[in-house]
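Enquirer: just to be clear, the model below is a prediction. Sequence and coordinates:
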Amino acid sequence: MKFFIDTGNPDEIRAAKEMGLLDGVTTNPSLLSKENRQYRELLTEICEICDGPVSAEVTSVETDGMIKEARELAKIADNIVIKVPIIKAGVTAIKKLESEGIKVNVTLCFSPTQAIIAAKAGASFISPFVGRLDDISSDGMRLVREIITIYDNYGFETEVLVASVRHSMHVVEAALMGADIITMPFNVIGKLLKHPLTDIGLEKFLADWEKVKK
Ligand code: G3P
């Protein structure tokens with residue numbers, strides 16, 4: 001299972017890399033806007049830190065515009081992957097970009113039918129947004145399970161990239177289902193490590209060691 005970090009913040013990306021937990025980065029316009037920097041310069045820095053795929057999203061909603069933007073973004077670095085929303089105009093763009101060797105991460109996926117279209121168009125990655133489905137009392141992880149089953153049924157090679165992750169259980173469930181990738185905010189990495197019994201156990205070991213170390 002690959003760990004991507006869902007952020008536009010270079011310090012968080014460096015920190016994940018130092019922990020040996022950085023397989024890739026996903027960004028979107030909202031995440032990049034938080035950094036108050038010119039987006040090309042920011043993406044260039046992120047691509048220098050991260051050896052794996054770095055997703056950058058197009059903002060055009062028309063096929064030609066998406067393709068043009070994607071070609072420009074792809075010039076930033078070899079590891080740029082283009083995020084394309086799963087709308088009608090995006091489907092042709094996905095096919096064209098993949099045929100040019102530009103990898104596409106299909107974003108804003110909320111249904112198995114959208115995931116089927118993305119795979120048939122030849123996308124490298126599909127990003128089901130689990131947290132946003134949970135937010136509206138739907139079941140985000142059920143969508144992931146359905147996509148994995150469908151892709152396995154037909155041998156689609158599109159990688160399932162679980163996105164809009166909010167907590168540790170999203171990570172555990174995605175791992176149990178065999179999702180290829182999970183992209184998470186930096187704070188979720190900390191939560192994966194945390195267990196009260198680890199803290200209590202360590203405190204006791206250190207206290208007992210004080211008694212015998214001399
Ligand atoms: O990068 C896309 C996705 O992970 C967004 O997450 O928390 O804004 O729903 P969120």
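Expert: Received the coordinates, thanks. For clarity, every value in this text was computed on a predicted model and none was experimentally measured.
Enquirer: pLDDT-wise, which helix or strand of this structure ranks last?
Expert: Least confident helix or strand of the chain, by mean pLDDT, DSSP states H and E, is helix 186-193 with a mean of 95.
Enquirer: list the contacts of that helix.
Expert: 3, 5, 7, 9, 12, 15-16, 19, 21, 165-168, 170-171 (C-beta atoms under 8 Å, 6 or more residues apart in numbering). For glycine as for every other residue, the C-beta is placed from the backbone atoms N, C-alpha and C.
Enquirer: what do you get if the cut-off is 7 Å, keeping everything else the same?
Expert: Helix 186-193 has contacts (C-beta atoms under 7 Å, 6 or more residues apart in numbering) with Ile5, Thr7, Glu12, Ala15, Ala16, Leu21, Val165, His167, Ser168, Val171.
Enquirer: where does Lys214 land on pLDDT?
Expert: You'll see Lys214 listed with a pLDDT of 76.
Enquirer: what's the longest helix in the protein?
Expert: Counting residues, the longest helix found in the chain (DSSP state H) is helix 196-212.
Enquirer: of the contacts of helix 186-193, closest to the ligand?
Expert: The ligand lies nearest to Val165 out of the contacts of helix 186-193, by C-beta to the nearest ligand atom, at 6.6 Å.
Enquirer: now check the least confident helix or strand of the chain, is it near the ligand?
Expert: No: applying C-beta under 6 Å from any ligand atom, one finds helix 186-193 separated from the ligand by no less than 10.2 Å.
Enquirer: what residues of that helix count as buried?
Expert: For helix 186-193, a neighbour-count test (16 or more other C-beta atoms under 10 Å) marks Phe186, Val188, Ile189 as buried.
Enquirer: nearest to the ligand among those residues?
Expert: For the buried residues of helix 186-193, the closest approach to the ligand (C-beta to the nearest ligand atom) belongs to Val188, at 10.2 Å.
Enquirer: show me what contacts the residue sitting nearest the centre point of the chain?
Expert: Central residue of the chain (C-alpha atoms, centre = their mean): Thr183, 3.3 Å from the mean position. Thr183 sits next to Phe4, Ile5, Asp6, Thr26, Leu161, Ala163, Val165 when contact means C-beta under 7 Å, 6+ apart.
Enquirer: what residues does the chain have near the ligand?
Expert: Contact residues (C-beta under 6 Å from any ligand atom) of the chain with the ligand: Asp6, Thr26, Asn28, Phe129, Gly131, Arg132, Ala163, Ser164, Thr183.
Enquirer: what's the ChimeraX line that selects buried ones from these?
Expert: In ChimeraX, selecting the buried portion of the residues of the chain next to the ligand, with burial taken from 16+ other C-beta under 10 Å, looks like this:
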select :6,26,28,129,163,164,183
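Enquirer: picking up where we left off before, restrict the longest helix of the chain to CA atoms and write it as CSV.
Expert: Only the C-alpha atoms of helix 196-212 are listed here, as CSV (Å, rounded to 0.1, in the frame of the first residue of the first chain):
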residue,chain,number,x,y,z
PRO,A,196,-2.5,5.0,24.6
LEU,A,197,-1.1,1.6,25.7
THR,A,198,2.1,2.4,23.8
ASP,A,199,2.5,5.6,25.8
ILE,A,200,1.6,4.0,29.1
GLY,A,201,3.9,1.0,28.4
LEU,A,202,6.8,3.2,27.5
GLU,A,203,6.4,5.4,30.6
LYS,A,204,6.5,2.2,32.8
PHE,A,205,9.5,0.8,31.1
LEU,A,206,11.4,4.0,31.4
ALA,A,207,10.4,4.3,35.1
ASP,A,208,11.5,0.7,35.9
TRP,A,209,14.8,1.3,34.0
GLU,A,210,15.6,4.2,36.3
LYS,A,211,15.5,1.6,39.3
VAL,A,212,18.1,-0.7,37.8
